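A.B. asks: just need the structure, nothing else, for what follows:
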Amino acid sequence: MSALTSWNPLRELNSLESRLDRLFGLNWPSRNGEKEAMTVAQWTPLVDISEDSHEYLVKAELPELKKEEVKVSVENGELTISGERKGEKEEKGRKFHRIERSYGSFLRSFSLPETVNADKVSAEFKDGMLSVHLPKDEKAKPKSIEVKVQ
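C.D. replies: Down below sits the predicted model:
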């Protein structure tokens with residue numbers, strides 16, 4: 001005779017989480033604190049995109065980078081932001097106990113709407129924040145037309 005066991009969905013989720021961690025080479029701390037070592041993932045800077053009646057604005061957080069380490073290009077209707085954040089190296093008399101911040105090369109690409117005037121794109125970099133201004137084409141800006149009633 002076989003014994004019946006009750007199904008525990010949380011146990012199945014923990015098992016699935018462990019298998020996915022192994023698949024992607026991750027070793028994140030689990031909810032019960034079993035794992036402590038961490039593998040840092042490839043770095044992808046965070047981006048906000050907003051729009052007003054004149055332009056689209058792309059803001060990217062690029063902490064600890066210099067403007068010379070960042071490349072911005074617009075080509076074939078696509079905005080590309082790329083660069084590299086170098087990792088810290090251990091020095092004599094100084095050792096790292098934990099490194100959680102991500103380092104490495106990054107590349108972010110965004111398809112641009114047809115309303116962007118690619119010839120007038122500009123960018124500025126200040127205090128680790130890249131701002132890319134994507135002006136709208138004059139034809140794309142909304143215009144109000146006065147209707148005459150007779």
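
A.B. asks: make it CA atoms for all contacts and neighbour counts henceforth
C.D. replies: Noted.

A.B. asks: what stretches of the chain score poorly on pLDDT?
C.D. replies: 1-5, 24-41, 140-143 (pLDDT under 70).

A.B. asks: do a quick rundown of the strands in it.
C.D. replies: 47-51, 55-61, 70-75, 78-85, 104-111, 122-126, 129-135 (DSSP state E).

A.B. asks: want to throw the ones you listed into a markdown table with mean neighbour count and distance to Arg11?
C.D. replies: Below are the strands of the chain laid out as a markdown table (neighbours: other Cα atoms under 10 Å; distance: least, Cα to Cα, whole Å):
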| stretch | mean neighbour count | distance to Arg11 |
| --- | --- | --- |
| strand 47-51 | 11 | 36 |
| strand 55-61 | 18 | 38 |
| strand 70-75 | 14 | 45 |
| strand 78-85 | 17 | 39 |
| strand 104-111 | 14 | 35 |
| strand 122-126 | 13 | 48 |
| strand 129-135 | 20 | 43 |
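
A.B. asks: any chance of those strands in JSON lines, plus distance to Ser18?
C.D. replies: As requested, those are exported to JSON lines (distance: least, Cα to Cα, whole Å):
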{"stretch": "strand 47-51", "distance to Ser18": "30"}
{"stretch": "strand 55-61", "distance to Ser18": "31"}
{"stretch": "strand 70-75", "distance to Ser18": "36"}
{"stretch": "strand 78-85", "distance to Ser18": "30"}
{"stretch": "strand 104-111", "distance to Ser18": "26"}
{"stretch": "strand 122-126", "distance to Ser18": "41"}
{"stretch": "strand 129-135", "distance to Ser18": "36"}
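
A.B. asks: nice, that's everything, thank you.
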